[in-house]
Every structure is written in structure tokens, then in C-alpha cells.
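**Q** Give me a model of this one.
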Amino acid sequence: MRQQDYKMVQGGNTRVNMSAGAASQAGNAMAKLGQTLAQTGQDVSKIMEATVDAQERTDLIRAKQKWKEIQAKQNIFQDKNKRDPLLWDENRQKLMKEFDAYNNGIKTYTKNGQLNLQLSKEAWASDFEYGTLQGMQKRINMNLADETLANVKLSLANKNPEEASMALDQGRRSLTADTIANAEIQIKKGYDIQRMDDAKDLASADPQKYLEGIPDLKGYSRDEKDKLYSYTANKRNVQAREQLDALDEAMLTGDGVSLEDFDSMQEQGLFSQVGDGDIMKLRNGMERNLPLTNVELSEINGILAKLSEKRKEMTEEDYLQYYNSQSVEIRSMIGTHKGYGYITADLYRHNPYQKGGENLQSKNIASNNDELKALAEYHLKALNFSPQVSDDTWDNLSLMEKNKASQRQRDFLREGREFIDKNPDATSTEVRAWVSKKMNEQSAVNEYSPSNSSIRSGNTEPLKKKINTHGGRRHMLKNKSLKQQQMDTSTGKVSNKANFGGSSGWAGGNTRKEVERNLVAVESPSGASFKVNKTVAGNFQSFLQELENEVGYQIKPSSSAGYNWRNKRGKKSLSQHSYGNAIDINWDENKAFWGGDDAISEIPNIDQIAAKHGLVWGGSWKNKDTMQFEYHPSTGVPARGI
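**A** Reported below is the predicted structural model:
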């Protein structure tokens with residue numbers, strides 16, 4: 001029976017008559033269609049598999065990126081909490097929960113995808129936990145090391161090496177060998193510093209005494225002893241300055257300081273840091289209480305000028321030591337004499353330890369004292385302290401009249417200083433008003449001009465009349481009454497010829513420049529130097545040699561000099577010092593001119609010894625000046641140059 005052919009017509013089966021060939025073709029077509037559909041299914045399946053794989057790999061990449069964010073958060077947390085690493089793991093666990101929540105939201109389509117995600121998560125979590133715990137341990141050790149070193153450093157900064165050593169022992173396990181070695185070196189230095197600080201504390205208590213024992217110290221290197229010596233010497237200089245400043249303050253306030261007061265202060269140890277030599281100089285100055293000579297004024301001016309230069313050149317420590325020695329030199333010359341406020345004020349300005357807080361008021365007080373002194377000097381020369389002889393001149397007054405006037409002036413100055421001390425902020429106008437009221441002489445005060453710098457400096461010239469502030473007074477000789485002095489006419493062999501003042505240039509020149517061109521230096525065997533005129537240098541040289549080598553009288557360089565361009569004391573004519581024809585020897589102990597002690601007079605026939613060399617001794621004069629020796633042809637000895 002033939003195969004039936006069917007035709008699909010409107011959803012129904014319609015029988016169609018087909019040939020065998022057509023039916024075969026149709027069957028083949030249907031077979032091919034099935035193959036095509038099968039291949040298409042396979043392709044779609046492959047596409048779906050590839051799509052799922054890409055999606056799962058994408059999700060895994062996103063999970064890895066999330067994991068990096070989690071790690072970054074942990075690193076930030078750890079960095080902020082270095083001092084408390086135990087919190088790190090707690091924060092890690094919180095972050096893991098955040099990561100788990102993210103992973104739970106990822107949908108996997110295949111077992112392989114699910115397995116890859118799970119394995120990656122477990123690997124990350126394991127590394128995360130291990131890294132966190134390892135970092136915690138490392139940070140704890142680092143913190144311990146840091147704390148250890150910080151404690152060591154802090155203890156050393158606090159100068160406590162014992163505590164530093166304990167801190168190192170407690171944290172030693174957290175440190176490397178090199179770190180421990182370095183710390184031990186620093187601790188040893190700390191012990192050395194502590195030992196030096198202890199020594200400095202002892203030195204500060206009494207530097208003068210400690211200095212003496214430094215060479216015998218045990219356990220100190222040479223370098224350490226040198227450092228201790230420098231420190232102690234500077235401490236001594238500082239404390240000496242404080243003690244000397246206290247002495248100056250006591251001298252310039254109230255009733256001043258008497259010789260008994262000075263000795264009492266020394267017994268109480270108030271000059272414990274001042275050298276014995278300086279104390280002796282100060283005491284000699286206390287005994288003196290006499291006006292300055294022109295030679296001494298010149299020397300003081302030189303010292304003050306030198307202080308200005310040295311302060312610029314020297315270190316603070318060296319300058320302090322230099323200032324101490326020079327201030328003692330000046331104080332030994334002016335002693336307790338209160339008439340040289342301008343000198344002490346100038347000296348104070350060079351003081352490296354002047355008190356800044358008191359500076360303005362102190363300067364005002366010093367300025368007012370200078371003003372008071374200048375006014376007092378004016379009234380003295382104007383004879384306002386000598387009303388009974390007001391129609392005369394100062395130079396014509398007798399020694400007794402001058403002494404009385406000077407005593408009234410001293411009383412006036414004492415009251416004036418009391419007024420200034422009680423009124424430290426007083427103006428110069430108020431000081432002049434007080435003087436006017438005290439003197440009851442307003443016209444005399446008005447003639448004084450405060451702008452006159454020569455008066456302020458002590459070289460007063462009121463009413464265009466030159467006043468010698470340092471040579472106008474004579475003082476009683478020791479153990480002689482005033483009457484005996486006035487009657488004393490005993491002289492040496494050539495005394496009347498020797499006191500020849502005014503013979504200008506007879507052996508040296510007529511002007512200062514001419515004289516100074518002809519000056520040479522001669523020295524005593526001990527090294528005391530004198531500038532003298534070269535024409536008579538041989539006479540002075542041979543005398544100095546005999547005086548020291550044969551007589552045995554020691555000449556002091558610090559209180560001996562030759563050339564000095566100046567007038568005679570109390571006169572307008574030039575001194576023989578101005579021509580290089582005179583020398584002064586040891587003015588600190590040959591004070592007959594001011595009524596003080598006199599050492600050189602104890603040498604038998606000193607006037608004759610001097611005369612052998614063509615020199616005249618000032619002790620032979622009516623107004624004795626035992627420190628002075630000058631050449632004069634009246635001795636019959638020719639001038640000898642060198």
C-alpha cells in the first residue's frame with residue numbers, strides 16, 4: 001500500500017497525495033532541521049556556560065576588591081591604635097562580619113563557582129587573622145622597645161641614670177643588641193654627668209675652697225678636672241662680683257663702711273670668694289680715704305677705657321674675671337671717698353652683672369649724686385662754705401680755713417645723699433631746688449648750668465674760673481699737728497733748689513709733643529717700668545738699680561710711674577712729670593703728701609742716695625711728697641742718657 005502524504009491545512013491533517021521522491025526530500029529536510037536545532041541547542045548551552053563563568057569570575061574579582069577595602073580599613077585602624085594593639089583583633093572580627101555579609105549577597109550558579117569563592121574567602125580570612133596577630137605581637141614589642149628607650153631618655157634628661165638603667169633592664173628583651181649597647185653608653189654618660197653635677201654643686205657652695213682641692217680629686221680624668229676648674233673659677237668670679245657689688249652698695253648708702261665694718265664683714269666670710277691680694281688692696285683703700293692724685297685719675301681713666309675695649313674682645317667669663325681685678329684696682333684708689341660718684345657710676349656701667357631691673361632708677365640716683373657733688377664743689381670754691389672770708393679766694397685760704405670749709409662741704413654732701421636716697425625718682429631740678437634751699441643762695445645755684453659737661457665729669461669750671469678738684473686740699477701729716485706742719489721748714493740739702501716748678505723744657509722739650517718724642521722706658525731690676533726723658537734716663541736707671549739691688553727696697557709696678565702730662569697739685573704750672581724728669585715710687589705706701597703712712601722714709605739717707613744719681617727726693621720738701629724723685633742739676637750730678 002502506498003505511503004500516504006499529508007498536508008497541514010489550517011490545523012487539520014489533510015491528506016495529500018505525494019510521490020516517493022517528494023516524500024524522500026521532505027524527510028531529508030526534516031532531518032537536517034533536527035540536526036540544525038540540535039546544534040543550535042549545543043551552541044546556546046555553551047553560551048550560557050560561558051556567561052555564567054564570566055559572571056562568577058566577575059563576582060570573585062569584586063569579592064577580592066572588597067577584601068582589599070577590608071584590609072585597608074584594618075591598616076588604618078591599626079595605625080591609629082598603635083599604643084593599644086589588643087584592639088586590633090577585635091576590629092578584625094568586626095570587619096570579617098562585614099565581609100561575610102558581602103559574600104552572602106553573592107549568588108553563585110555553579111558548584112565550581114561556589115567552591116572558588118569559598119576557598120578564596122577562607123584563604124583571605126586565614127591570612128587576615130595571622131597577619132593581624134603577627135602585627136599585634138610585633139607592635140607590642142615595638143611599643144615596649146619605644147617605651148623602654150623613651151623611659152631611658154626621660155630618666156637621663158632628668159639626670160637620673162639609676163632610673164634609666166632600671167628602665168633598660170625591664171625592656172631589654174624587646175631591644176636589639178645594638179640598641180642595648182647604645183643605651184648603655186648613654187647611661188654611662190649619664191652617670192658621668194651626675195658625678196660632675198655633684199662636684200659642681202660642691203664647687204658652687206665655696207668655689208674658692210673647692211679650687212684648691214681639684215688637683216687631688218680621685219676618679220676624674222684630666223679633661224674632667226679641667227672642666228671643673230673652668231666652671232669653679234667662673235663661679236668664684238661670679239660670687240666675688242656679687243660680694244664686691246654688695247660692698248659697693250654698702251659704701252654708697254647710709255653711713256658707708258668703716259674699716260671696722262670691713263674687717264667685720266671679712267670675718268663673717270662676706271668676702272670669701274675675693275682673693276687675698278684684692279682684699280688687701282681694698283683694705284688699703286679703706287685706710288686711705290684721700291683724694292685722688294692726677295696720676296691716679298689718669299690710671300683710672302685708662303682702666304675704664306680698657307674695660308670698654310676688653311668687653312668687646314673677651315668671652316663673658318674672661319671679661320668677668322678681668323672686670324673684677326680692675327674694679328678692685330679702682331676701688332683701692334678711691335677707697336671710701338664719696339667724692340667720685342662719677343667714677344663709680346662709670347665703673348658700674350661696665351659691670352657685666354649690673355641689675356637691669358634697677359638700671360633706670362640707679363642711673364637717676366647716680367646722676368643726681370653727680371649733680372650734688374658738682375654743686376657742692378662749686379659752693380666750696382665760691383667760698384659759700386667759708387662765709388667769714390667770702391671776699392677772698394680759695395687759693396688764698398689757710399690750711400685751717402680750707403679744712404673747716406671742707407668739713408662743712410662733707411656735712412652738706414651727707415645730707416644731700418640722704419635726700420637723694422629717700423627720693424630716688426627726684427629730678428635734677430628738685431635736687432637743685434634742695435641745694436638752693438639748703439644754701440640759701442639761689443643766685444649761686446642759677447650760675448650753675450647742668451648742661452656743663454666739664455662740671456659733671458668732676459673738672460668744674462663755674463663762672464669761667466678753673467677749679468682743681470683734686471689738689472685744692474692739704475691733709476695733716478701723721479702724728480703732726482696743724483701748727484707743727486705750718487712751722488715745719490726742715491728740708492734736705494737741695495730742697496730749696498729742687499722745688500723749682502715751672503722751668504719748662506730745661507731737659508725735655510717745651511710742648512707735649514716735643515717731650516713725648518724724647519721719652520724712653522727704664523726698668524727696675526724687678527721689672528717696674530718708668531717713662532722718662534732720654535736725657536736723664538741713665539740717672540733714673542742707676543738709682544732704681546741701687547734702690548732695689550743694694551738697698552733692698554721693692555718697687556711695685558702697679559703703683560709706680562714716670563711721665564704724666566699734668567699740672568702740679570693745686571697749681572697752674574706743669575709738674576716735672578710732664579717733662580719726664582720725675583718718677584713716683586709705690587704711691588700706695590708712700591702717702592706723706594696726704595698725711596698717710598710712709599715706708600720709703602724708713603730708708604736711712606734716702607735723700608743722699610737719690611742725690612748721688614742727680615735726683616732730688618720729694619720727702620725733703622716743705623710739702624713732703626715722699627713717693628717722688630726728680631732729676632735736677634742743682635745736685636751737681638750731670639744728666640746721663642741711655
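**Q** S573 is in contact with N567, isn't it?
**A** Yes - counting by CB atoms under 8 Å, S573 touches N567, with 6.5 Å between them. Heads up, the C-betas are built off the backbone N, CA and C, glycines and all.
**Q** Compare those two and say which is more crowded by neighbours.
**A** Legend: neighbour count by other CB atoms under 10 Å for S573 and N567, higher for N567 (17 against 11).
**Q** Tell me the bridge partners for the more buried one.
**A** L574 (DSSP bridges).
**Q** That one reaches N294, doesn't it?
**A** Yes - at 7.4 Å, N567 counts as touching N294 under the criterion of CB under 8 Å.
**Q** Chain neighbours aside, what residue packs nearest to the spatially most central residue of the chain?
**A** For the chain, E316 is the residue whose C-alpha lies nearest the centre (CA atoms, centre = their mean; 4.9 Å). Once flanking residues are discounted, E316 sits nearest to P352: 6.5 Å by CB to CB, 6 or more residues apart in numbering.
**Q** Which elements pack onto the longest helix along the chain?
**A** Once the chain is assigned using DSSP state H, the helix that runs over the most residues is helix 20-80. Helix 20-80 is packed against helix 86-104, helix 111-157, with contacts defined by 3 or more CB pairs under 8 Å, 6 or more residues apart in numbering; DSSP states H and E.
**Q** can you redo the ones you listed as TSV with mean neighbour count, distance to Q55 and mean pLDDT?
**A** Below are those laid out as TSV (neighbours: other CB atoms under 10 Å; distance: least, CB to CB, whole Å; pLDDT from 0 to 100):
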stretch	mean neighbour count	distance to Q55	mean pLDDT
helix 86-104	14	15	89
helix 111-157	15	8	86
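**Q** Format these as JSON lines; extra columns: distance to N284.
**A** Putting the helices and strands packed on helix 20-80 into JSON lines (distance: least, CB to CB, whole Å) gives the following:
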{"stretch": "helix 86-104", "distance to N284": "80"}
{"stretch": "helix 111-157", "distance to N284": "51"}
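**Q** Quickly list the domain ranges of this protein.
**A** 293-464, 482-635 (automatic domain parsing).
**Q** any idea which of those domains scores lowest on pLDDT?
**A** Note on those: lowest mean pLDDT is at domain 293-464, with a mean of 72.
**Q** and the helix or strand encompassing I330, how far from the chain's centre?
**A** Taking DSSP states H and E as the definition, one finds I330 inside helix 316-334. Relative to its parent chain, helix 316-334 has a centroid offset of 16 Å by CA atoms, centre = their mean, to the nearest Å.
**Q** Which neighbouring elements make contact with that helix?
**A** helix 222-252, helix 276-288, helix 294-313, helix 341-349.
**Q** between it and helix 294-313, what angle do the directions make?
**A** What separates the directions of helix 316-334 and helix 294-313 is an angle of 170 degrees, with axes from the mean of the first three to the mean of the last three CA atoms, to 10 degrees.
**Q** residue ranges of the helices in the stretch 451-600 of the chain, please?
**A** Here the stretch 451-600 of the chain has its helices, by DSSP state H, counting those that start in this stretch, at 453-456, 482-487, 495-498, 512-517, 537-545.
**Q** Show me which residues of stretch 240-257 are buried.
**A** Of all the residues in stretch 240-257, those buried under the rule 16 or more other CB atoms under 10 Å are A240, R241, Q243, L244, D245, L247, D248, A250, M251, L252, G256, V257.
**Q** what does stretch 168-179 give?
**A** Neighbour count says stretch 168-179 has L168, G171, S174, L175, T179 buried, by 16+ other CB under 10 Å.
**Q** how about those in CSV, adding distance to S578 and secondary structure?
**A** Formatted as CSV, the entries for those read as follows, by distance: CB to CB, whole Å; DSSP: H, G, I helix; E, B strand; the rest coil:
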residue, distance to S578, secondary structure
L168, 77, helix
G171, 82, coil
S174, 85, helix
L175, 81, coil
T179, 78, helix
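**Q** I'd like those residues as TSV, with pLDDT appended.
**A** Below are the buried residues of stretch 168-179 laid out as TSV (pLDDT from 0 to 100):
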residue	pLDDT
L168	90
G171	87
S174	86
L175	88
T179	92
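**Q** Could you single out the nearest of these to I76?
**A** S174 (25.3 Å; CB to CB).
**Q** so that closest one makes contact with Q137?
**A** No - using CB under 8 Å, S174 is not in contact with Q137; the gap is 11.0 Å.
**Q** residues near the residue lying closest to K591 once chain neighbours are set aside, how many?
**A** Closest residue to K591 apart from its sequence neighbours, by CB to CB, 6+ apart: D597 at 5.7 Å. Neighbour count for D597, taken as other CB under 10 Å: 16.
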